[in-house]
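Visitor: let's see this in three dimensions:
(one chain, ligands or ions: 3)
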Amino acid sequence: MRIQILGSAAAEAVPALWCECECCEYARKHGGKDIRRRCSYWVDDDTLVDFGPDANWQSVEFGIDLTRIKRVIFTHSHEDHLDPVELSWRAQYFSRVTKMIKLFGSRRVHERMLSAPLLNGFTFDRYNEVAEKLHFEPVELTPGSETRDGDLEIIAVPAVHDPKEDCLNYILRRGGRSILIANDTGWWSEAGWDFVSRYRVDAAIIEATFALSEGNLDYDHGHLGAHAAIRFRDELVRRGTLPAGAKVVVNHFSHNGNPLHHKMEAYFAGSGIEVGYDGKVIEI
Ligand SMILES: [Zn+2]
Ligand SMILES: [Zn+2]
Ligand SMILES: [Zn+2]
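Guide: Ligands and ions are numbered 1, 2, ... in the order given. Here you go, the predicted model:
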């Protein structure tokens, strides 16, 4: 499997649009790996994980032919991960679309699709009409579900992120290789850890939203700080889900945690964990 990070930031991006903080000022001036788009992943040629407000920019920058995408798998409905407006341009006239895609996500993800202005007036009981209009097949996922689509297995891990909805982390498996994508999440529940303990993965992407934020290195309620991400990796290894020494990448950083790339690399040096950036490719 080939997984490319399309965005390594949390909701506000880096630099955050209006922000005067030291991190954002530095990122504007220096660019490079300190420019972080909203979090999303490209898996092989045919799958996206999340589709947020930077999708257009990401598809151009990283050469993604969206007409070849067969499915988008959503982690949750937050604005940085799901942009119903950009998806709604699949409607006739706005785009010429003949190919169907599948949209995987929780009930809340599908409900939020209806917030696009183009879909004004549609209620959820008419969701199949919306799906037809936008050429997609909705697939509702629940925590703990295992779904196969073609040769891709999608295992929905219950995240601990927003109590108002079923947020999902994923184990994606294809051709005998598998990766855990764990954003957005805090420390999993005991049931979540037990669930994941049934699986083995070859690599993991772990969020570190609070990054190097002073006093929040060990924060693990709904998001993780940098040191909490290390503990999270260690727990995956302790439970046998992740082999010791397997590739682990941290991702999804808030500018509030001052995640300048050189500072993040210095923090994780010697930990065996790599720091995510926009464009980084993980081959497993
Ligand atoms: Zn997020
Ligand atoms: Zn900032
Ligand atoms: Zn979120």
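Visitor: need the helices for the stretch 101-250 of the chain, in chain order.
Guide: 107-113, 127-133, 190-196, 226-238 (DSSP state H, counting those that start in this stretch).
Visitor: for those, give me JSON lines that also has mean neighbour count.
Guide: All C-beta spots, glycine's among them, are computed from the backbone N, C-alpha and C. Formatted as JSON lines, the helices of the stretch 101-250 of the chain follow (neighbours: other C-beta atoms under 10 Å):
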{"stretch": "helix 107-113", "mean neighbour count": "20"}
{"stretch": "helix 127-133", "mean neighbour count": "15"}
{"stretch": "helix 190-196", "mean neighbour count": "15"}
{"stretch": "helix 226-238", "mean neighbour count": "20"}
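Visitor: can you tell me which of those helices comes nearest to ligand 1?
Guide: Comparing the helices of the stretch 101-250 of the chain against ligand 1 with C-beta to the ion, the closest turns out to be helix 107-113 (13.3 Å).
Visitor: average pLDDT for that closest one?
Guide: Taken as a whole, helix 107-113 has a mean pLDDT of 98.
Visitor: which parts of the stretch 151-284 of the chain sit against ligand 1?
Guide: The stretch 151-284 of the chain comes close to ligand 1 at residues residue 184, as judged by C-beta under 5 Å from the ion.
Visitor: quick revisit: can you redo the helices of the stretch 101-250 of the chain as a markdown table with distance to residue 66?
Guide: Shown next, in a markdown table, are the helices of the stretch 101-250 of the chain (distance: least, C-beta to C-beta, whole Å):
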| stretch | distance to residue 66 |
| --- | --- |
| helix 107-113 | 17 |
| helix 127-133 | 18 |
| helix 190-196 | 31 |
| helix 226-238 | 31 |
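Visitor: of all the ones you listed, which one is nearest ligand 2?
Guide: helix 226-238 (17.0 Å).
Visitor: distance between the closest one and the chain's centre?
Guide: 18 Å (C-alpha atoms, centre = their mean, to the nearest Å).
Visitor: residues in contact with it?
Guide: Helix 226-238 has contacts (C-beta atoms under 8 Å, 6 or more residues apart in numbering) with 180, 182, 187, 193, 196, 201, 204, 206-208, 210-212, 217-220, 224, 242-244, 246, 248, 250, 257, 264, 267-268, 271-273.
Visitor: just the buried subset of those residues, please.
Guide: 180, 182, 187, 193, 196, 201, 204, 206-208, 210-212, 217, 219-220, 224, 242, 246, 248, 250, 257, 264, 267-268, 273 (16 or more other C-beta atoms under 10 Å).
Visitor: for residue 151, find the nearest of the helices of the stretch 101-250 of the chain.
Guide: Closest to residue 151 of the helices of the stretch 101-250 of the chain is helix 190-196 (C-beta to C-beta; 22.1 Å).
Visitor: does anything pack onto that closest one? Which helices or strands?
Guide: strand 152-158 (3 or more C-beta pairs under 8 Å, 6 or more residues apart in numbering; DSSP states H and E).
Visitor: any idea how far the strand it packs on is from the chain center?
Guide: Chain-centre distance of strand 152-158: 13 Å, with C-alpha atoms, centre = their mean.
Visitor: sheet partners, orientation included, of that strand?
Guide: Sheet pairing here is set by DSSP bridges, and for strand 152-158 it gives strand 146-149 (antiparallel), strand 168-174 (antiparallel).
Visitor: of those, flag the one that's most buried.
Guide: Each of these was scored by mean neighbour count; the highest is strand 168-174, a mean of 23, by mean count of other C-beta atoms under 10 Å.
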